[in-house]
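S.K.: What follows is a predicted structure for the sequence shown.
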Protein chains: 4
Amino acid sequence: MEQVTVKYTEKPQLVDPILIEGLPGVGNVGKIAVEHMIEVLGAVHFATIYSSHLPAQVIVDEEGLAYLVSHKLYYHRREGGDLVFLSGDFQAVNHIGQYTLSSHMIEIAVSLGVKDIYTLGGYQVGHFVESPRVFGAVNTPAMIGDLEKYDIVFGEGEPGSGIVGASGLLLGLGALHSIRGLCLMGETHGYIADPSSSRAILEILTSILGLEIDLEDLSRKAVEVERITTQIKDLAELLESGGGDDVGYIR
Amino acid sequence: MEQVTVKYTEKPQLVDPILIEGLPGVGNVGKIAVEHMIEVLGAVHFATIYSSHLPAQVIVDEEGLAYLVSHKLYYHRREGGDLVFLSGDFQAVNHIGQYTLSSHMIEIAVSLGVKDIYTLGGYQVGHFVESPRVFGAVNTPAMIGDLEKYDIVFGEGEPGSGIVGASGLLLGLGALHSIRGLCLMGETHGYIADPSSSRAILEILTSILGLEIDLEDLSRKAVEVERITTQIKDLAELLESGGGDDVGYIR
Amino acid sequence: MEQVTVKYTEKPQLVDPILIEGLPGVGNVGKIAVEHMIEVLGAVHFATIYSSHLPAQVIVDEEGLAYLVSHKLYYHRREGGDLVFLSGDFQAVNHIGQYTLSSHMIEIAVSLGVKDIYTLGGYQVGHFVESPRVFGAVNTPAMIGDLEKYDIVFGEGEPGSGIVGASGLLLGLGALHSIRGLCLMGETHGYIADPSSSRAILEILTSILGLEIDLEDLSRKAVEVERITTQIKDLAELLESGGGDDVGYIR
Amino acid sequence: MEQVTVKYTEKPQLVDPILIEGLPGVGNVGKIAVEHMIEVLGAVHFATIYSSHLPAQVIVDEEGLAYLVSHKLYYHRREGGDLVFLSGDFQAVNHIGQYTLSSHMIEIAVSLGVKDIYTLGGYQVGHFVESPRVFGAVNTPAMIGDLEKYDIVFGEGEPGSGIVGASGLLLGLGALHSIRGLCLMGETHGYIADPSSSRAILEILTSILGLEIDLEDLSRKAVEVERITTQIKDLAELLESGGGDDVGYIR
């Protein structure tokens, strides 16, 4: 098996496409936001990415159907730049996998003609937040001026801890390919799915994109996302409790 | 050394072969089931799979003979589809190894003409179970209807935690090659070898396959399997207690 | 993505260049020393090294600008051998990465004509030291005689624990390419940035190189270095506390 | 850098060579035994093996000279089959590295014409042993009969835990190349260097080989070996205490 396998159901020709990433992470803030957009916009699935850098497992749905964990790409045509969404069951297992999958994603983005990437995530503060602030980071200095009119916190020592995983790497690797990138991070407790933080980043993102979508249904989406994520968490704990190499695989 | 090396003692021509996997895992439910079938059917060993993704060790038998850990393939000719069995000493050490070995197995399955895979395992519940239920998951929606007449629990939120390791990946990767797959998981405590759970899945599997085999001897098989597995567990613990890189290798 | 990607902004022709390495490590003694030299000499940045063996993250500066973690090379022209400095955000994540990055660095050094390498670091003693001693190790026996006149402690059972990471490997791999190497290690507590230990090694190194530079400003440099390093430490802790594969990525 | 690099100082033509391995491990029983044989026989060093699968470090000797960790090969010409010794600073860091290095060693052994391998190690019992027994394992059934006259314990359920690392893999991989292999394991406490266990296996090995060597000096050799090993252990602990990716490298 190749390290990364991409299965296309369609190879869309897109106009000025913009990539929006929301993989699992702190509070699942980014994943909830992106899956909500995919649903309300009726975005079209066009590619599935399998990889040996993802966990070695299938997820089982409520009918007993097992599917291999993957990342998925969707598109939505519209004025002002088509949208491409990246969602998925899991981030890569380790740093090598993260670089491999993000590099692959940047190659796909280049081939689609993407010039702008938005990566979405949570910023863990460890306590509940009434009105989550949204922190930002860009990979191109000139972008900061254009973003001043939005309610994004830049700098002030935040995010004090950098950005780990796909949301960070797509910015860092994108810059090497002249793709502009903005990461939006909503404040969140960190230990539970947080649709209100997802809403905070979506309010800003839709404003930037000139997009009007209903943000009422985010709590329901959060429950769905949490069901899948819990499967994954339980597994991870089981694997760990099995200890080292002699893992007690469920089969 | 290649990552995977397959040594064939024979390259059998098989008719409508069905692959049945039972590698070590929770309660060794799958391994006990498959080794029992191999023994009572007198299945013929035809290939051994060595891999750098398996632990770096030999197992020593009661005569002092050391053999490299491996996966083994057996066949059994019969009306209604020949059977191919996959057993082994160990699962791959990590996710990359799992993908590599399962992909290799799918390639071998395709070359043998396999269209159906059954993967067998335990479903850990953490307490003793009088009459173990058997949970199922398939990789092809159309299969569920055909399986309704058997006493398999599909969905109902179980397995709530997905399926990790070879039993999951063979389904997930098999689907990408149009191989139908059913995973049968017997409820089991999880911390000791469980021949009664193996028996529960074998009753259903033999019924599906139209196979009549004696299921009385499973407890003896469980003892054998446990002897090998204990060797492996002791080693794993020793490796871990040795800590980090400076492992105190037995030599 | 290749395992290592080098982006040159310039390919300088250097005269008798000497490589000086100071990557993050115990007390950041080496990194503080090298970054101070780069600043006071006004050394010119000429290459950036990206690698999938570095952590999968971007660092965010005080303006909200995200940049991919990397190693950086600088040069400074002067009589008596131009200087090449190697600094960076991080060491490689594991042993394979360490060998890969150090081998690459040695290849670059050979291509630049480097014949001598100085690697700088701290030697952890676990308590505060008033006047840090400087321990040395060389990769070529003939060097020890020439170094007798400097206040470097060789042997006497120190460093009792060998030299791990880039400072060790550049010596070990350099020797295989006939590059002479000296590692200078300043005594340090180990748990906080230690500019006084950096000063101790710089006093010896500048004396060896016949270089006159101001060593007053090291404390300010230590504060800067610590800000970045703390970002990295916080992240590492977050990653670890997230546990195993199911890491709660900040995004 | 290649994963394995072999530097030959000589390519000896050997007559019926026998390979004897003694890498670090439990109680350093094998390493002490092999290093003693190399010394008293005055065996000639002919090859050094470097690898990115060994720890990323140099060891520093008492004069302050740093050398890259490695495996080393020596030969000793004699009637009845020349001897080739494999010693080294360290075993490979993980299972992939173990397979890679042992496969490489088997290739070298084949190219030298080796038909027999003896691997030496300790068998950890966790308490002090007055007269250490020697356990054996072979990779070829026919060998057991020939070895009956020696005081080797075969089977009886020992080693109950298989053989991990180079001593096991050289037997397992050797068998795939028709190289006969015997592993001799001396009972040992496990936590300290144990020259008396080394002596027990050397008494049997020299008897098998028809070799007469002085076994008085083993305690001195144990002290030397322990000095190096302690360096490595301290490092390993330091690396671990540094935690995860953000290792506090000594430099």
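M.R.: Yep, that arrived.
S.K.: from the stretch 101-250 of chain A, which residue is nearest to chain C?
M.R.: Among the residues of the stretch 101-250 of chain A, A:G121 lies closest to chain C, at 2.3 Å counting by Cβ to the nearest Cβ. Where C-beta positions appear, they are placed from N, C-alpha and C, glycine not excepted.
S.K.: Now do the phi/psi pair for that residue.
M.R.: Note on A:G121: its backbone torsions stand at phi -160, psi -180 [degrees, to the nearest 10].
S.K.: number of nearby residues for it?
M.R.: Other residues lying near A:G121 total 36 when counted by other Cβ atoms under 10 Å in any protein chain shown.
S.K.: Ok, A:D146 next?
M.R.: Quick note: A:D146 (other Cβ under 10 Å) scores 12 neighbours.
S.K.: what's the distance between it and chain D?
M.R.: 35 Å (Cβ to the nearest Cβ, to the nearest Å).
S.K.: A:F90 now?
M.R.: Taking Cβ to the nearest Cβ, one finds A:F90 at 19 Å from chain D.
S.K.: got it, and A:L147?
M.R.: Distance of A:L147 to chain D, given as Cβ to the nearest Cβ: 32 Å.
S.K.: okay but the residue of the stretch 101-250 of chain A closest to chain C is in contact with A:I163, surely?
M.R.: Yes - between A:G121 and A:I163 a contact is recorded at 7.4 Å, counting by Cβ atoms under 8 Å.
S.K.: What is the neighbour count of A:V138?
M.R.: 23.
S.K.: Was I right to think it contacts A:L182?
M.R.: Yes - A:V138 is within contact range of A:L182, at 5.2 Å (criterion: Cβ under 8 Å).
S.K.: intersection of neighbour lists for the two?
M.R.: Jointly contacting A:V138 and A:L182 under the rule Cβ atoms under 8 Å, 6 or more residues apart in numbering or on different chains are A:147, A:171.
S.K.: what number of residues lie near A:R78?
M.R.: Using other Cβ under 10 Å: A:R78 sits among 14 other residues.
S.K.: Contacts only, for it.
M.R.: So A:R78 contacts A:L211 (Cβ under 8 Å, 6+ apart).
S.K.: so it, which of the three states?
M.R.: coil (DSSP: H, G, I helix; E, B strand; the rest coil).
S.K.: Next, work out how far apart it and A:T9 are.
M.R.: 21 Å (Cβ to Cβ, to the nearest Å).
S.K.: Could you do A:N94 as well?
M.R.: Distance, A:N94 to A:T9, by Cβ to Cβ: 29 Å.
S.K.: Which one's more surrounded, these two?
M.R.: Legend: neighbour count by other Cβ under 10 Å for A:N94 and A:T9, higher for A:N94 (19 against 10).
S.K.: Identify the bridge partners of the residue of the stretch 101-250 of chain A closest to chain C.
M.R.: Judged by DSSP bridges, the bridge partners of A:G121 are A:M185.
S.K.: same deal with A:L19?
M.R.: Note on A:L19: beta-bridge partners A:V84, A:I117, judged by DSSP bridges.
S.K.: Contact residues of the stretch 1-150 of chain A facing chain B?
M.R.: Residues of the stretch 1-150 of chain A lying close to chain B by Cβ under 8 Å from any Cβ of the partner chain are A:1, A:5, A:7, A:50, A:52-69, A:93.
S.K.: redo that, cut-off 7 Å
M.R.: Residues of the stretch 1-150 of chain A lying close to chain B by Cβ under 7 Å from any Cβ of the partner chain are A:1, A:52, A:55-60, A:62-68, A:93.
S.K.: Secondary structure element holding A:F46?
M.R.: strand A:44-51 (DSSP states H and E).
S.K.: Pull up the pairing partners for the helix or strand just after that strand, direction included.
M.R.: Once strand A:44-51 ends, the next helix or strand along the chain (criterion: DSSP H and E) is strand A:57-60. Using DSSP bridges, the strands paired with strand A:57-60 in its sheet are strand A:66-68 (antiparallel), strand B:163-164 (antiparallel).
S.K.: can you give me the helices in the stretch 1-150 of chain A?
M.R.: Using DSSP state H, counting those that start in this stretch, the helices of the stretch 1-150 of chain A run over A:29-41, A:95-112, A:143-146.
S.K.: Identify the residues contacting whichever helix or strand comes after the shortest one?
M.R.: Moving toward the C-terminus from helix A:143-146, the first helix or strand encountered (DSSP H and E) is strand A:153-154. The contact list for strand A:153-154 (Cβ atoms under 7 Å, 6 or more residues apart in numbering or on different chains) reads A:133-136, A:144, C:63-64.
S.K.: try stretch A:55-64
M.R.: A:66-69, A:89-90, A:93, A:228, A:231, A:235, B:95, B:98-99, B:136-138, B:144, B:154-155, B:157, B:159, B:162-165, B:168-169, B:171-172, C:245.
S.K.: which residues touch the most centrally placed residue in chain A?
M.R.: The C-alpha lying nearest the average C-alpha coordinate of chain A belongs to A:G22 (Cα atoms, centre = their mean; 1.6 Å). Going by Cβ under 7 Å, 6+ apart, A:G22 touches A:30-31, A:33-35, A:87, A:120.
S.K.: Name the member of those residues with the most neighbours.
M.R.: Highest count within these by other Cβ under 10 Å belongs to A:G30, 34 neighbours.
S.K.: Is that one in contact with A:V134, as I believe?
M.R.: No - applying Cβ atoms under 7 Å, one finds A:G30 not in contact with A:V134, separated by 11.9 Å.
S.K.: can you pull the contacts of the closest residue to A:A175 other than its chain neighbours?
M.R.: Nearest residue to A:A175, sequence neighbours excluded (Cβ to Cβ, 6 or more residues apart in numbering or on different chains): A:N139, at 4.1 Å. Residues near A:N139 by Cβ under 7 Å, 6+ apart: A:171-172, A:174-175, A:180-181, C:66.
S.K.: Closest one to D:G42 out of those, please.
M.R.: Proximity of the contacts of A:N139 to D:G42 (Cβ to Cβ) peaks at A:G172, which lies at 56.5 Å.
S.K.: for that closest one, helix, strand, or coil?
M.R.: Classified using three-state DSSP, A:G172 is helix.
S.K.: what's the neighbour count on the residue lying closest to it once chain neighbours are set aside?
M.R.: Nearest in space to A:G172, with sequence neighbours left out and distances taken as Cβ to Cβ, 6+ apart, is C:L68 at 3.0 Å. A count of nearby residues for C:L68, using other Cβ under 10 Å, gives 23.
S.K.: Does C:L68 touch A:G174 like I think?
M.R.: No - the criterion here is Cβ under 7 Å, and C:L68 misses it with A:G174 at 9.5 Å.
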